[in-house]
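1. sequence first, then the predicted structure:
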There are 2 protein chains.
Amino acid sequence: MGNENFVFDKYLISKGLKLTKPRKIILNTVFATHEHFNVDGLYDKIRKKHKDVSRATIYRTIPLLIESGLIKQSLRCLAKDHYEHTYGHSRHLHLICEKCGKIIEIESKEAESILNKLAKKHDFKIREFNIGAKGICNNCKK
Amino acid sequence: MGNENFVFDKYLISKGLKLTKPRKIILNTVFATHEHFNVDGLYDKIRKKHKDVSRATIYRTIPLLIESGLIKQSLRCLAKDHYEHTYGHSRHLHLICEKCGKIIEIESKEAESILNKLAKKHDFKIREFNIGAKGICNNCKK
DNA sequence: AATGAGAATGAGAATTAATCTCAATACCAA
DNA sequence: TTGGTATTGAGATTAATTCTCATTCTCATT
Ligand SMILES: [Mn+2]
Ligand SMILES: [Mn+2]
Ligand SMILES: [Zn+2]
Ligand SMILES: [Zn+2]
C-alpha cells in the first residue's frame, strides 16, 4: 500500500470531505496497477470484488483523485476518457497506435522545455503538457 | 472561393461520391473563416442562411473533409470534438487557456523533430502530432 | 457509546454528442 | 429524360457522463 493513501486522505481532510469505504476501494483499485484506465474497465475490475460500488461514485471520485494530484486525464480513445497516474510517475509522452491501441510511453524533457520557452514568450502559465502523436506501431506495420 | 473546393471535388470524384448542395454549403462555411469549429457552432452558422441542412449531414461530411485532407480533428473542449483547417495552414501547436477558452497557436518545428526522433527509435510511424499545453493565458492571469 | 448535522451513497433518470435507420430525393452518366 | 446509386432530413438510437433524491454513512462532539 503506497503513499497515495496519505495523499488522498490529506486532500480530503483539507477539503472537509470524508474518507469513505467506496473511495478507498476506488483509490486502491486505481493504484493496483500502473496502467492507464477508463471508467468502464475500472468499474468491472472493482465489481469483481465489491458488488456495492456504483458507477456514479466512480465518476464522482475521479475528479477528487485528479484534484489531489494523484491522477490526470490522459487521452481519449474509443469515445472514452482515459486516465493515468501522476503520483509516482514522471511525466512522459505517448505514441498511440491507431490500429491496435497500444500506447508507447516515453520520458523526454526536451519537448517540454521547448514548450516552456514558447509559453514564456506568450506569458502563458502551463498547468499541463499534452505531447504525443498518433500513428502505427512497429507490430502493426507488419 | 479558395482551392479547397477543387481539393474536395477531386476527393469526392476519386471515391465515386457526389458533390451535393449540402456538402458545398458545409465546405464553404467551414472555410469562411480560419477559426477552429465544432459541430454545434457550425450548425448554427449554416442555419442562419440555409434552413435545409441537417445536423446528420454535417456529421457525415466532416469525415469526408478529414479524409480529403482539408481539416483535422484538433482538440476536445467542453465535451465536444473540435476541428481546424489543415489545408492552407502549416502545423502548429496550441496553448489553451482553461479560464477563457482562448487558443494560442504557435508554429514550431522543434517539438515535432524531437518526436520524430523518438518515433524512429521505436519504429513508430507518426500520422498526426499532438503537441500543446493547457493553462492560464496572460489576460486571465490578471 | 450515542448523537446529529452534513457529506456521501446507489439506483435510476436525464442529458447530450454522435451514430444509425429509412423512406423520400438529388445527382449524374448515358 | 431516365435509371441506378448516392445522399438527404427527420427522428430514433446509442452510450458516456451527469444529475436527482431518498437513504445511509462519517465523524466531531457529547
Ligand atoms: Mn501514460
Ligand atoms: Mn489550431
Ligand atoms: Zn499497433
Ligand atoms: Zn484566458
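-> Everything's here; your move. Numbering: from 1, shown residues only, chains lettered A, B, ... in the order given. Ligands and ions are numbered 1, 2, ... in the order given.

2. the residue positioned nearest the centre of chain A pairs with what?
-> Nearest to the geometric centre of chain A sits A:E84, at 2.1 Å (C-alpha atoms, centre = their mean). Residues in a beta bridge with A:E84, per DSSP bridges, are A:K72.

3. which residues of chain A lie near DNA strand D?
-> Residues of chain A lying close to DNA strand D (C-beta under 7 Å from any atom of the strand) are A:18-21, A:38-40, A:55-56, A:59, A:79-81. All C-beta atoms are positioned from the backbone trio N, CA, C, and that covers glycine.

4. would TSV of these with neighbour count and distance to A:S68 be doable?
-> Listed next are the residues of chain A next to DNA strand D as TSV, based on neighbours: other C-beta atoms under 10 Å in any protein chain shown; distance: C-beta to C-beta, whole Å:
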residue	neighbour count	distance to A:S68
A:K18	8	14
A:L19	13	12
A:T20	12	15
A:K21	10	18
A:N38	16	19
A:V39	15	18
A:D40	12	22
A:R55	13	21
A:A56	9	19
A:Y59	11	16
A:A79	6	27
A:K80	11	22
A:D81	14	18
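
5. per-residue pLDDT, the nearest residue to A:K80 once chain neighbours are set aside?
-> Computed as C-beta to C-beta, 6 or more residues apart in numbering or on different chains, the closest residue to A:K80 that is not its neighbour in sequence is A:N38, at 4.6 Å. Note for A:N38: predicted pLDDT of 97.

6. now A:K134
-> Confidence at A:K134, expressed as pLDDT, is 88.

7. against ligand 1, how distant is it?
-> A:K134 is 14 Å from ligand 1, where distance means C-beta to the ion, to the nearest Å.

8. what kind of secondary structure is that residue in?
-> Secondary structure, DSSP: H, G, I helix; E, B strand; the rest coil: A:K134 is strand.

9. burial check on it, number of neighbours?
-> By other C-beta atoms under 10 Å in any protein chain shown, 18 other residues sit near A:K134.

10. shouldn't it be in contact with B:F124?
-> No: at 9.8 Å, A:K134 does not count as touching B:F124 under the criterion of C-beta atoms under 8 Å.

11. for these two, list the residues in contact with both.
-> A:95, A:97 (C-beta atoms under 8 Å, 6 or more residues apart in numbering or on different chains).

12. so who does the residue of chain A found nearest ligand 4 touch?
-> Among the residues of chain A, A:F124 lies closest to ligand 4, at 8.8 Å counting by C-beta to the ion. For A:F124, the contacting residues are B:95, B:97, B:104, B:133, B:135-138, by C-beta under 8 Å, 6+ apart.

13. ok, A:I25 next?
-> Each residue near A:I25 by C-beta under 8 Å, 6+ apart is listed here: A:46, A:49-50, A:53.

14. now do it against A:L19, distance only.
-> From A:I25 across to A:L19, the span is 11 Å (C-beta to C-beta, to the nearest Å).

15. can you map out the helices along chain A?
-> With helices called from DSSP state H, chain A shows them at A:4-14, A:21-30, A:39-49, A:55-67, A:109-121.

16. hang on, the earlier thing: shouldn't the residue nearest to A:K80 be in contact with A:D81?
-> Yes: applying C-beta under 8 Å, one finds A:N38 in contact with A:D81, separated by 6.5 Å.

17. the closest residue to ligand 2 within chain A: neighbour count?
-> Closest to ligand 2 within chain A is A:N130: 13.3 Å, counting by C-beta to the ion. A:N130 has 20 neighbours, counted by other C-beta under 10 Å.

18. returning to that earlier point: need the buried ones from the contacts of A:I25 selected in ChimeraX.
-> This is how ChimeraX selects the buried members of the contacts of A:I25, with burial counted by 16 or more other C-beta atoms under 10 Å in any protein chain shown:
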select /A:46,53
